[in-house]
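1. just coords:
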């Protein structure tokens, strides 16, 4: 089953907000073998909304719109939907009661604008939006369904998973078995990888599709397989994964779809090791990405962001003479930072970064993008220097990613 | 001038990659008074690409496509463009030389697949893509222009700003004066804000448009004004901003378009204060967001991520008896964390967070989403407790944002 999405809102087309709802919906429908066919992003403009909805209804049986449902004057989606599907505006008592509940729970004042959110076209069925005040609306025409959802990502994610998708599955049924597998590949460029598996890729069995998903520092290889039954699909995927693992060897960091920080957390959990970090140029991003993972407090004890040299000395015990002799961005200082945090926190393993994220601070022998890293367990500290391309945010992001990947590889050797 | 965008790639429609190119392009064309009219996101599928391009060419004089230009087999945009605009494939020697340079600079191996990127339809003009290997292609038909760009965000951002936009401006000229102003508004819901300025909003002068851009923890109010000359546009915007500042009082945190962390950095810079942070539940996100700002090393010295209680005691000097009496998530512990980091780093001001980000760890009196914060200067420490809705990532993000906002407000009182 194909779904077309219409994403509504000026803020998306002037570049002030990024649409994450489309991706969320795509990921939620994939297990049913459904796919998003096209996304049309349009302004809060009646003619544009109308045209995008009509084009979407022409190509897909299911259309989902997001956004344009706020209480403010710039949101006109509801009126436009009434024009398309007909009917009159009516007050929905259930929605009104729910809005009052949400406001009471948040301890907020309710006003006439908020009350107006309880008005819906009588041509739609109202679907609960547990986390927000804008009602989700279900319209039907010529056997096709349009669902209008709010633009606020967590409201849409929750309501789509719990209220909308179950109703759509009941209405349109499932098509066939679709499964996915993902490999995390490191240390090879997309071109070299593609060349290496080119012959194999040309001879993939019917129903099996390969996609390259390059990220800063690693590539995800995604295998999608569609077939008549679960057993045959699993067999095809198992064989494909095995072939890739055999052919790519140590370039395969994992055969599960996980971020580098998730792979590190898994490695730490399996081996019951505690972890800490000492960050200079990554500035807290390693700690931040670790602590975004639920349950990480079992293995992650904490870290120090030693942005100034004084902090490197006072909190991590880096020696003044090492700093003077080699400079803050050096393998020697990174090594002492890692050993310092290992000692101070009393953890089993640690990573440290020191580098030049830019735009300022670069020099001929230590250019912007140069990052020294150290990886420590009690018995050994390893150091490495990398050069990352791009601007400040790319250097920070890439250095953090590589720190996770190299930490996993370092731990697997110990 | 309207621009329609066609964003190409399976990875975008299965929810594995989020499109940031559209927003980047929208922000870059805005100063010229140009706007993105619609974005169509389609699969790596010749028919879908073709239809989206034809629809875009029908509605706009400028069409920009991104993505689908990689060297791997799933990328078919180039062949589809040749079908639409005609011509034969030819090898572009300039592109071939550039690709060899890029690979040599990165110390990478070059293969036949990479070489194939030098093939372009002879119906296009090649535009340099300094940061990548896929050529940017400029096609014309019936007075309209289509530019095909790569999907890698930093390549597209750079090439659009430096190579494509200047050529488009030369070709299509500018329309009229368009200026924007943004206010950062805090401590009021979108509905209450809308009600409060409703009458004023109804009587806005022609050419002036107001948009509400809600974020977790604050709202950006954006004023767009279009007019015949710079002077009149400035006058209208100045008056509108002044009216909002007078009416909303202390709810206006800033009259510039800046994130909360940028506002904090500006405040620290103006007053020549140094800053540090002690983070428990925000886990490094405050340090990370500070260090993403270029030049922050003048004012940001560093921080401690004290995820475990042991680290709170050993590195921040929080007393064991305070932890035992009030628990880690308490105003007392947050206060001692802020004073500890102030002392240890020797900074002028500091923020500390301790809370329950979830999903685990909540209790009746201390539920998930409860976050205690402390704001310290040498002469005073203030503490506050907040309750944030949503899942782990929302609690962490919102708590960090509120920490920046409250720190700015705290500093302005001292």
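-> Good, I have the coordinates. These numbers were taken from a predicted model, which means no experiment stands behind them.

2. residue contacts, residue A:209?
-> Residues counted as contacts of residue A:209 (CB atoms under 8 Å, 6 or more residues apart in numbering or on different chains) are A:223, A:224, A:225, A:226. (Glycine included, C-beta is placed from N, CA and C.)

3. so the residue nearest to residue A:409 when sequence neighbours are not counted, which of the three states?
-> Using CB to CB, 6 or more residues apart in numbering or on different chains and skipping residues adjacent in sequence, the residue nearest residue A:409 is residue A:253, 7.5 Å away. State at residue A:253, reduced to three classes by DSSP: H, G, I helix; E, B strand; the rest coil: strand.

4. Tell me how far residue A:119 lies from chain B.
-> 15 Å (CB to the nearest CB, to the nearest Å).

5. Tell me the bridge partners for the residue nearest to that residue when sequence neighbours are not counted.
-> Counting by CB to CB, 6+ apart, residue A:119 lies nearest to residue A:89, which is 5.0 Å off, once chain neighbours are set aside. Residue A:89 has these beta-bridge partners by DSSP bridges: residue A:121.

6. could you measure residue A:89 against residue A:123, distance?
-> 10 Å (CB to CB, to the nearest Å).

7. Which one's more surrounded, the two?
-> residue A:123 (17 against 12; other CB atoms under 10 Å in any protein chain shown).

8. Would you state the predicted confidence (pLDDT) at that one?
-> Looking at residue A:123, its pLDDT reads 95.

9. ok so, going back, which residues are common contacts for residue A:89 and residue A:123?
-> residue A:82.

10. Tell me how far the residue nearest to residue A:119 lies from chain B.
-> 19 Å.

11. wait, what's in contact with that residue?
-> Shown in contact with residue A:89 (CB under 8 Å, 6+ apart): A:82, A:119, A:120, A:121, A:122.

12. what's the neighbour count on the third one?
-> Read it as residue A:120. Neighbours of residue A:120 using other CB under 10 Å come to 22.

13. for the closest residue in space to it that isn't next to it in sequence, what are its contacts?
-> Using CB to CB, 6+ apart and skipping residues adjacent in sequence, the residue nearest residue A:120 is residue A:92, 5.1 Å away. For residue A:92, the contact set (CB under 8 Å, 6+ apart) comprises A:118, A:119, A:120, A:126, A:135.

14. Please flag which of these sit within strands.
-> A:119, A:120, A:126 (DSSP state E).

15. Show me how the record splits chain A into domains.
-> Domain assignment for chain A, taken from automatic domain parsing, gives A:2-172, A:188-254, A:260-412.

16. Minimum distance to residue B:300: which of those domains has it?
-> domain A:260-412 (5.7 Å; CB to CB).

17. What residues sit buried inside the top helix by length along chain A?
-> Counting residues, the longest helix found in chain A (DSSP state H) is helix A:392-412. For helix A:392-412, a neighbour-count test (16 or more other CB atoms under 10 Å in any protein chain shown) marks A:392, A:394-411 as buried.

18. and what of stretch A:119-129?
-> Quick answer for stretch A:119-129 (16+ other CB under 10 Å): A:119, A:120, A:121, A:123, A:124, A:127, A:129.

19. Across the sheet, point out what pairs with residue A:276.
-> residue A:302, residue A:350.

20. rewinding a little: and the domains of chain A, which is most packed in?
-> domain A:260-412 (a mean of 21; mean count of other CB atoms under 10 Å in any protein chain shown).

21. quick revisit: turn the buried residues of stretch A:119-129 into TSV, including distance to residue B:99.
-> Shown next, in TSV, are the buried residues of stretch A:119-129 (distance: CB to CB, whole Å):
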residue	distance to residue B:99
A:119	58
A:120	56
A:121	55
A:123	56
A:124	54
A:127	52
A:129	50
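
22. Could you list the low-confidence segments of chain A?
-> Within chain A, the stretches with pLDDT under 70 are A:72-74, A:174-176.

23. Can you pull out the residues in contact with stretch A:161-174?
-> Residues contacting stretch A:161-174 (CB under 8 Å, 6+ apart): A:1, A:28-29, A:32-33, A:61-62, A:64, A:127-130, A:136, A:138, A:145, A:147, A:149.

24. ok, now stretch A:121-128?
-> Here stretch A:121-128 has contacts from A:78, A:81-82, A:85-90, A:92, A:94-95, A:98, A:120, A:135-139, A:147-148, A:159, A:163-164, A:167, using CB under 8 Å, 6+ apart.

25. Return the subset of those lying in strands.
-> A:89, A:90, A:120, A:136, A:137, A:138, A:139, A:147, A:148.

26. Do I have it right that the third one meets residue A:95?
-> By that I understand residue A:120. Yes: using CB atoms under 8 Å, residue A:120 is in contact with residue A:95, at 6.9 Å.

27. can you list residues touching both of these two?
-> Common neighbours of residue A:120 and residue A:95 (CB under 8 Å, 6+ apart) are A:126, A:135.

28. Throw the domains of chain A into a markdown table and include distance to residue B:333, thanks.
-> Below are these laid out as a markdown table (distance: least, CB to CB, whole Å):
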| stretch | distance to residue B:333 |
| --- | --- |
| domain A:2-172 | 25 |
| domain A:188-254 | 37 |
| domain A:260-412 | 14 |
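
29. Around residue A:187, count how many other residues there are.
-> 16.

30. What strand or helix carries it?
-> For residue A:187, there is no host helix or strand (DSSP states H and E).

31. for it, what are its contacts?
-> A:250, A:251.

32. Please tell me how far it sits from chain B.
-> For residue A:187, the distance to chain B - CB to the nearest CB - is 12 Å.

33. same check, this time on residue A:148
-> Counting by CB to the nearest CB - residue A:148 and chain B are separated by 19 Å.

34. What parts of the stretch 201-350 of chain A come near chain B?
-> Proximity of the stretch 201-350 of chain A to chain B, by CB under 8 Å from any CB of the partner chain, involves residues A:201-202, A:210-213, A:220, A:222, A:277, A:279, A:282-288, A:290-292, A:294-295, A:297, A:300-308, A:310-311, A:314-315, A:344-346.

35. And for residue A:31, nearest residue in space, chain neighbours not counted?
-> residue A:178 (7.4 Å).

36. Please tell me I have it right and that neighbour contacts residue A:30.
-> Yes: using CB under 8 Å, residue A:178 is in contact with residue A:30, at 7.1 Å.

37. where do the helices sit along the stretch 251-400 of chain A?
-> In the stretch 251-400 of chain A, the helices defined using DSSP state H, counting those that start in this stretch lie at A:260-271, A:285-291, A:309-316, A:320-326, A:331-345, A:392-412.

38. contacting residues for residue A:227?
-> A:176, A:177, A:207, A:233, A:236.

39. Among those, which one sits closest to chain B?
-> residue A:207 (15.6 Å; CB to the nearest CB).

40. On the three-state scheme, the residue lying closest to the closest one once chain neighbours are set aside is what?
-> Counting by CB to CB, 6+ apart, residue A:226 is the residue found nearest to residue A:207 once chain neighbours are left out, at 4.6 Å. Here residue A:226 is strand, with the state taken from three-state DSSP.

41. how about residue A:226, what does it touch?
-> A:33, A:176, A:177, A:178, A:207, A:209, A:233.

42. tell me how far stretch A:159-171 is from the chain's mean position?
-> Centroid separation between stretch A:159-171 and its chain, computed with CA atoms, centre = their mean, to the nearest Å, is 22 Å.

43. Straight-line length of that stretch, end to end?
-> 17 Å (CA to CA, to the nearest Å).

44. go on, stretch A:376-385?
-> 15 Å.

45. Now tell me what touches it from outside.
-> Outside stretch A:376-385, the residues touching it (CB under 8 Å, 6+ apart) are A:331-332, A:334-335, A:338-339, A:342, A:348-352, A:370-375, A:406, A:410-411, A:414.
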